[in-house]
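In: Got a sequence here, can you model it:
(2 chains)
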Number of protein chains: 2
Amino acid sequence: MFMAEKGILDIALVTVDLNQGEHRGQPHLAKNPMGRVPVLELDDGRHLSESRAICHYLEGLYPTPNLMGLGFEEQAFIEMADRHIEWNLLLHFASAIRHTHPGLAVLEKPQFPDFGASQQAKAIAAAGIFDKLLQRQPFMAGQRFTIADITAFCCLDFARGLLKFVPAEHGLHALQDWRTRVAARASAASPRAPLLP
Amino acid sequence: MFMAEKGILDIALVTVDLNQGEHRGQPHLAKNPMGRVPVLELDDGRHLSESRAICHYLEGLYPTPNLMGLGFEEQAFIEMADRHIEWNLLLHFASAIRHTHPGLAVLEKPQFPDFGASQQAKAIAAAGIFDKLLQRQPFMAGQRFTIADITAFCCLDFARGLLKFVPAEHGLHALQDWRTRVAARASAASPRAPLLP
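Out: Numbering: from 1, shown residues only, chains lettered A, B, ... in the order given. I've put the predicted structure just below:
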């Protein structure tokens, strides 16, 4: 979505099959010892992992439109907004999904369903905080669309698909309206760079 | 520790008493709706939360010594290293501590001790990955001391204090040697700015 916002079309995508454990195999671990996706392969052969670090690098190479802030002050406030989402909304929803969804049993061994349920409650409470924020400002980091909106949108789409979470059903109408606005962006239709054969 | 490395001495510290739930009270929530510490109060009255976002801001104001990278490429690789530590070492140790330590029962309700134990095993496995990394390079992000070393050092000190985790007892000698080197820095002695009355 970050790449689509910037119109980056010249980075080929290579699928790593998590269900087959490909991310924990030696070829992938040589690219990222943490065994996670995504990884960006640079022309000089180095590998950069962690979505936000990859976005930071792409923001440098493709500065327009700016999504992570101009100057250290705006960058810091956008990083704050992004991390609020990552550590409260995304972590809690991801923990809930990993520990309660049957489809994740192959990745998370063992699952702790009671813990997962408690994290879902925390995620919904966090969603309420972001709803209040969006009653005062149009986007997660303030007046304009940034990487924080991408993080939150992808997180909520994950929760929508796997936990059937719909903000309006919890009375979170500002969050639902924001979601509708972001979903209408061309980048949300997830255009993809061509897959490598 | 980040402030000490830069010699920043003119930011007064205000204690927020977590055990008394002060971070969940309205005065603190007005500064950070996520209810977490630390928060940096700016001269114009705005509040910046999230340790790494605060460091980003301070790096801009006090650029020397550089701790987060010069230029977007180095910044991205340091951010990668920092996030590897946050999401693998810090998150897992913090989850273990929050869900197993009696002293955290007041903050984490309810605790899930079996989940906590599983996260401690993941943290120790992650420590092994960083030990291998440090067999090849002197610091977490490569050849020089950066914010990633601060994140990892504070994480390991947390685990040392609350879980009695000592890398050498797990055969992680490169990690132990790195820890010894970082602990010898003046910043590790935790000089503090004066507390506000």
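In: name the element the most centrally placed residue in chain A belongs to?
Out: With distances taken as Cα atoms, centre = their mean, A:Thr151 lies nearest the centre of chain A, 3.8 Å away. Taking DSSP states H and E as the criterion, A:Thr151 maps to helix A:147-163.
In: And A:Gln20, how far from chain B?
Out: 21 Å (Cβ to the nearest Cβ, to the nearest Å). The C-beta positions use only the backbone N, C-alpha and C, and glycine is treated the same way.
In: residue contacts, that residue?
Out: With contacts defined as Cβ atoms under 8 Å, 6 or more residues apart in numbering or on different chains, A:Gln20 has no neighbours.
In: Break chain A into its domains for me.
Out: As recorded under automatic domain parsing, the domains making up chain A are A:2-61, A:71-186.
In: among these, which is the most enclosed?
Out: Each of these was scored by mean neighbour count; the highest is domain A:71-186, a mean of 18, by mean count of other Cβ atoms under 10 Å in any protein chain shown.
In: Any idea how far apart the tips of it sit?
Out: 27 Å (Cα to Cα, to the nearest Å).
In: State the mean pLDDT of that domain.
Out: Taken as a whole, domain A:71-186 has a mean pLDDT of 96.
In: and it, anywhere near chain B?
Out: Yes - counting by Cβ under 8 Å from any Cβ of the partner chain, chain B is contacted by domain A:71-186 at A:71-73, A:75-77, A:79-80, A:83-84, A:87-88, A:91, A:99, A:110, A:112, A:114-115, A:118, A:126, A:129, A:132-133.
In: Okay, helices next: where are they in chain A?
Out: A:2-6, A:26-29, A:51-61, A:71-84, A:91-100, A:113-136, A:147-163, A:173-183 (DSSP state H).
In: Would you format these as JSON lines with distance to B:Phe165 included?
Out: Shown next, in JSON lines, are those (distance: least, Cβ to Cβ, whole Å):
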{"stretch": "helix A:2-6", "distance to B:Phe165": "36"}
{"stretch": "helix A:26-29", "distance to B:Phe165": "24"}
{"stretch": "helix A:51-61", "distance to B:Phe165": "27"}
{"stretch": "helix A:71-84", "distance to B:Phe165": "25"}
{"stretch": "helix A:91-100", "distance to B:Phe165": "22"}
{"stretch": "helix A:113-136", "distance to B:Phe165": "22"}
{"stretch": "helix A:147-163", "distance to B:Phe165": "31"}
{"stretch": "helix A:173-183", "distance to B:Phe165": "39"}
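In: So which of those helices is nearest A:Val14?
Out: helix A:26-29 (10.1 Å; Cβ to Cβ).
In: what does that closest one rub up against?
Out: A:16, A:22, A:35, A:39.
In: Among the residues you listed, which ones are in strands?
Out: Among the contacts of helix A:26-29, the members found in strands (DSSP state E) are A:Val39.
In: shouldn't A:Val39 be in contact with A:His23?
Out: No - using Cβ atoms under 8 Å, A:Val39 makes no contact with A:His23, being 9.4 Å away.
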